[in-house]
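Undergrad: sequence unknown, structure follows:
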């Protein structure tokens, strides 16, 4: 298991939210991390579904505001991690895939995904989706969910 890459902005800067990013393609993971950090998010990046599941099980639910995950990865898929994590124990999920079909997106929506993106997508699409998921996460914590 590779070490998670935990990127934190200057503590004096206000964060837009804490993102747990799971993507097995190193170049795309680094690109997403850089883009999200430039947008003001705190990012913890992992390279597999196994690492994603581990991070969600060892850290309290409120460690992350949102999970941004590829569907197809080594070990567990992002969708399998979503389904395996009880809703009250996970932050909102935003899934993306370059191999999505109607069945995959339907399964993701049925499992409670906040948003589903098909690759290729515009990087400018991420921040608005993540902002909605972060707001959903923070509302849930205020309500004790």
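TA: That came through, no problem. What you see is a predicted model, and the numbers here were worked out from it, not measured in a lab.
Undergrad: got a list of contacts for stretch 116-131?
TA: The contact list for stretch 116-131 (C-beta atoms under 8 Å, 6 or more residues apart in numbering) reads 16-17, 19, 31-32, 35-36, 39, 41, 66, 68, 94-98, 100, 105, 108-109, 114-115. For every residue, glycine as well, the C-beta is placed using N, CA and C.
Undergrad: can you mark which positions in the biggest helix by length in the chain are buried?
TA: Selection of the longest helix in the chain by residue count, based on DSSP state H, yields helix 126-142. Across helix 126-142, burial judged by 16 or more other C-beta atoms under 10 Å covers 126-127, 129-131, 133-134, 137, 140.
Undergrad: just put these in CSV and tack on distance to residue 51.
TA: As requested, the buried residues of helix 126-142 are arranged in CSV below (distance: C-beta to C-beta, whole Å):
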residue, distance to residue 51
126, 21
127, 24
129, 22
130, 20
131, 25
133, 20
134, 22
137, 20
140, 24
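Undergrad: can you put those residues in a markdown table and add distance to residue 84 and pLDDT?
TA: Formatted as a markdown table, those follow (distance: C-beta to C-beta, whole Å; pLDDT from 0 to 100):
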| residue | distance to residue 84 | pLDDT |
| --- | --- | --- |
| 126 | 24 | 92 |
| 127 | 28 | 92 |
| 129 | 22 | 92 |
| 130 | 22 | 95 |
| 131 | 26 | 94 |
| 133 | 19 | 92 |
| 134 | 23 | 93 |
| 137 | 19 | 87 |
| 140 | 19 | 73 |
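Undergrad: for residue 89, state which of those residues is nearest.
TA: For these, the residue nearest residue 89 by C-beta to C-beta is residue 140; the value is 11.4 Å.
Undergrad: what about the strands in the chain?
TA: In the chain, the segments counted as strands under DSSP state E are 5-7, 17-22, 41-46, 66-70, 93-97, 115-118.
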